[in-house]
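Asks: My questions are about this predicted structure, shown below with the sequence.
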Amino acid sequence: DVKVTQSSRYLVKRTGEKVFLECVQDMDHENMFWYRQDPGLGLRLIYFSYDVKMKEKGDIPEGYSVSREKKERFSLILESASTNQTSMYLCASSSPYLGTSEYNEQFFGPGTRLTVL
Amino acid sequence: GQNIDQPTEMTATEGAIVQINCTYQTSGFNGLFWYQQHAGEAPTFLSYNVLDGLEEKGRFSSFLSRSKGYSYLLLKELQMKDSASYLCAVRDEGPRRSGGSYIPTFGRGTSLIVHP
């Protein structure tokens, strides 16, 4: 059974703290993604990566950075957490190559609900 | 860029049929996905359309008209467990790519409430 795991389901941090959200996938996927999900706004892409050490900005990268040192792991970093970063964070992975996945659909982790006080 | 529109919320009765619409405007088109997301859980893949027409998978079907920029997800014989958010995601042929495939953009999702 394919799986994307995230390090925490719930996290509470204080304003100004550095926050690390970890994501691991066991499907040998090249692509990995970080989204945030807020009521009424849907899923918004923060960053994605298509290979180790490669990263691309999504729609809302401000205040975030990412790291991909190994193929299976993609980390989201909040350098200095702020209250407007309180959200649900979802990690996803996919394969860009037809044959490994018929539709190149994304597989999502369970999410991390981050509260910044 | 993309503009993807879905209704915010729908309600339906157990056993009925419901159709969730998704309209989009893109500079190119490279496929449309539907995902289901139960409250507090991860989105899971339901269906994919890249050619015009209807794709059927059990109680769920998805339709696409590329010329109209329109898709719908049809849920038959509704069950209480179908209460969830349904996310439409469109992959276009814009500049944002990941390896050999394009990155999809998600609509805001439709919250479906099924009542007895």
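Replies: Arrived safely, thanks for sending. Here the structure is a predicted model, which is why all the values come from computation and not from measurement.
Asks: Show me which residues of chain A are close to chain B?
Replies: By Cβ under 8 Å from any Cβ of the partner chain, the residues of chain A that approach chain B are A:4, A:30-31, A:33, A:35, A:40-45, A:48-51, A:56, A:90, A:94, A:96-97, A:102-111. In this view, the C-beta of every residue, glycine as well, is placed from N, C-alpha and C.
Asks: Would you mind giving me the PyMOL syntax to select the buried ones in these?
Replies: Only the buried members of those enter the following PyMOL selection, criterion being 16 or more other Cβ atoms under 10 Å in any protein chain shown:
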select buried, chain A and resi 4+30+31+33+35+42+43+44+45+48+49+50+56+90+94+96+103+104+105+106+107+108+109+110+111
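Asks: mind listing the helices for chain A?
Replies: With DSSP state H applied, chain A shows no helices anywhere along its length.
Asks: From residue B:61, how far off is the spatially most central residue of it?
Replies: Among the residues of chain A, residue A:34 comes closest to the average C-alpha position under Cα atoms, centre = their mean, at 2.5 Å. For residue A:34, the distance to residue B:61 under the criterion Cβ to Cβ, to the nearest Å works out to 32 Å.
Asks: Next: residue A:29.
Replies: Counting by Cβ to Cβ - residue A:29 and residue B:61 are separated by 28 Å.
Asks: Might you list the low-confidence residue ranges for chain B?
Replies: For chain B, the stretches with pLDDT under 70 are B:1-2, B:93-101.
Asks: mind listing the strands for it?
Replies: In order along the chain, chain B carries the following strands (DSSP state E): B:3-5, B:9-13, B:18-25, B:32-37, B:44-49, B:53-57, B:60-65, B:70-75, B:84-91, B:97-98, B:101-102, B:104-106, B:110-115.
Asks: how about these, which one is nearest residue A:63?
Replies: Closest to residue A:63 of the strands of chain B is strand B:104-106 (Cβ to Cβ; 20.2 Å).
Asks: Adjacent strands (with direction) for that closest one?
Replies: Sheet neighbours of strand B:104-106, with direction, are listed as strand B:84-91 (antiparallel) (DSSP bridges).
Asks: Can you get me a residue count around residue A:69?
Replies: By the criterion of other Cβ atoms under 10 Å in any protein chain shown, residue A:69 has 9 neighbours.
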